[in-house]
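A.B. asks: Predicted model follows, preceded by the sequence.
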Amino acid sequence: MKRLTTGIFCFVVAFSTMTSARPERTPVTIEVPNRTNLQYLTLWVALGAGLFQQEGLEPNILVDEVSRNAGQALLNGKADVALLQPPMFLGRIAEERPILLFASLLANEPINLVVRKDIAEARKVPFRGSLRDRLQAIKGLKIGVATGPPPRLRALFKSVGMNADQDIQMVTIDGPGQVQAFADKKVDGLFAHTPYLETALMNYQAVLIAEPSHGEVPELTDGQIHTLATTRENATKKHDLVAAVTRAIYRAQKLIHSDQKASVDAVLASGATTLDRPLIEAIVTIYSAAVPQTPRISLAGVEHDATIYPAHPVAPDFTKVKVADYVAPQFAEEAVKARP
């Protein structure tokens, strides 16, 4: 009995020692505009694959009640970092708020152009032909597009010497109505992003005509789409935390570009979506090429965004404002050096 008691005591002491020796993770609150948007692929992969934990962090996702309030929790001190869309980080810069962009999540335009399969076949769209040949084949069609993206749709057609306002019929449709209009054949195609893009492809026999997300359009490639931001104060006082977040994002980017199956598994594990796996596989295939190779922020991309995105509430005047004053490049540089 004495030996048994001694053995149990030794086990308890050993277990307690192991537990106390285990390093505690640092909590990090990440503000996001939406909990189910798969355009935030890089963040969801980092979350679902446990990459924040590998960097000694315990992530907490704080979802904005209104997506146009993105960054407010960060500025109010309720979040350590925030995921900002171009309209929002442009607006924050215009307001001269003390934000710093530090990690790029998406570099290519995530909106792609699809049409119904029967129309593509009837028009003999040359899928292996040039982008111009493909767009020429759909001249005159009705293309559904949300309120904000028409400048990017125009850039797509302009890249091959065409005019979207003359060569197609743009039909403004916001939200889920895009897919319904496509299903009801009220429009012939969609210029859309997730979740409407993969839904049209997988459920309604849409086919891809143009893929800006894969870099087909120079003006919409290697820019600055979604990014993580922090405050100037956090960049100094919480340097190690922001640096660890950046390393986790870099790990996610490397995973996305090397292992699609693991990336899909991570998205599912993140809880960001309830979509069936085939739909997630479709969007990961489409969006992986839009994910940058590193977290480095594109200064030129930030400036260019002001010409193709509707800033909220207004766009900054980059003849007076320096983009570099709102970027913290050191975190991405440190992450790349740490994990080349």
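C.D. replies: Good, I have the coordinates.

A.B. asks: Strands of the stretch 101-250 of the chain, start to end?
C.D. replies: Counting by DSSP state E, counting those that start in this stretch, the stretch 101-250 of the chain has strands at residues 112-116, 142-145, 169-172, 189-192, 206-210, 227-231.

A.B. asks: For burial, what's the neighbour tally of Arg97?
C.D. replies: Counted with other CB atoms under 10 Å, residues neighbouring Arg97 total 17. Bear in mind the C-beta positions are built from the backbone N, C-alpha and C, glycine included.

A.B. asks: residues contacting it?
C.D. replies: Gly71, Leu75 (CB atoms under 8 Å, 6 or more residues apart in numbering).

A.B. asks: Likewise for Thr230?
C.D. replies: By CB under 8 Å, 6+ apart, Thr230 lies in contact with Leu74, Asp80, Val81, Ala82, Ile99, Leu100, Phe102, Lys238, Val242, Ala328.

A.B. asks: and which of the residues you listed is nearest to Glu198?
C.D. replies: Ala82 (26.1 Å; CB to CB).

A.B. asks: would the closest one count as being in a strand?
C.D. replies: Yes: checked against DSSP: H, G, I helix; E, B strand; the rest coil, Ala82 lies within a strand.

A.B. asks: Look up the residues forming beta bridges with it.
C.D. replies: Glu31, Ala229 (DSSP bridges).

A.B. asks: Now do it, the pLDDT please.
C.D. replies: According to the prediction, Ala82 has pLDDT 98.

A.B. asks: Next: Ser67.
C.D. replies: So Ser67 comes in at 83 (pLDDT).

A.B. asks: Including distance to Glu58 and mean pLDDT, could the strands of the stretch 101-250 of the chain go into a markdown table?
C.D. replies: Formatted as a markdown table, those follow (distance: least, CB to CB, whole Å; pLDDT from 0 to 100):
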| stretch | distance to Glu58 | mean pLDDT |
| --- | --- | --- |
| strand 112-116 | 36 | 98 |
| strand 142-145 | 40 | 98 |
| strand 169-172 | 43 | 98 |
| strand 189-192 | 35 | 98 |
| strand 206-210 | 39 | 97 |
| strand 227-231 | 17 | 98 |
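
A.B. asks: Among these, which comes closest to Ala290?
C.D. replies: Ranking the strands of the stretch 101-250 of the chain by proximity to Ala290 (CB to CB) places strand 112-116 first, at 9.7 Å.

A.B. asks: For the closest one, report the contacting residues that lie outside it.
C.D. replies: Contacts for strand 112-116 (CB under 8 Å, 6+ apart): 125, 138, 141, 143, 153, 156, 182, 185, 188-193, 197, 200-201, 204-213, 286.

A.B. asks: from these, which would you call buried?
C.D. replies: Buried subset of the contacts of strand 112-116 (neighbour count, 16 or more other CB atoms under 10 Å): 125, 138, 141, 143, 153, 156, 182, 188-193, 197, 200-201, 204, 206-213, 286.

A.B. asks: ok, Leu43 to Leu106 distance?
C.D. replies: 10 Å (CB to CB, to the nearest Å).

A.B. asks: Actually, Ala73.
C.D. replies: Plainly put, Ala73 is 21 Å away from Leu106 if you go by CB to CB.

A.B. asks: between the two, which one's more packed in?
C.D. replies: Set Ala73 next to Leu106 and count neighbours by other CB under 10 Å: Leu106 wins out with 23 against 20.

A.B. asks: and that one, what is it in contact with?
C.D. replies: Gln39, Tyr40, Leu41, Thr42, Ile225, His226, Tyr287, Ala290, Val291, Pro292.

A.B. asks: ok, now with 7 Å
C.D. replies: Leu106 makes contact with Gln39, Thr42, Ile225, His226, Ala290, Val291 under the criterion CB atoms under 7 Å, 6 or more residues apart in numbering.

A.B. asks: any idea which of those has the most stuff around it?
C.D. replies: Most neighbours among the contacts of Leu106, by other CB under 10 Å: Thr42, with 30 neighbours.
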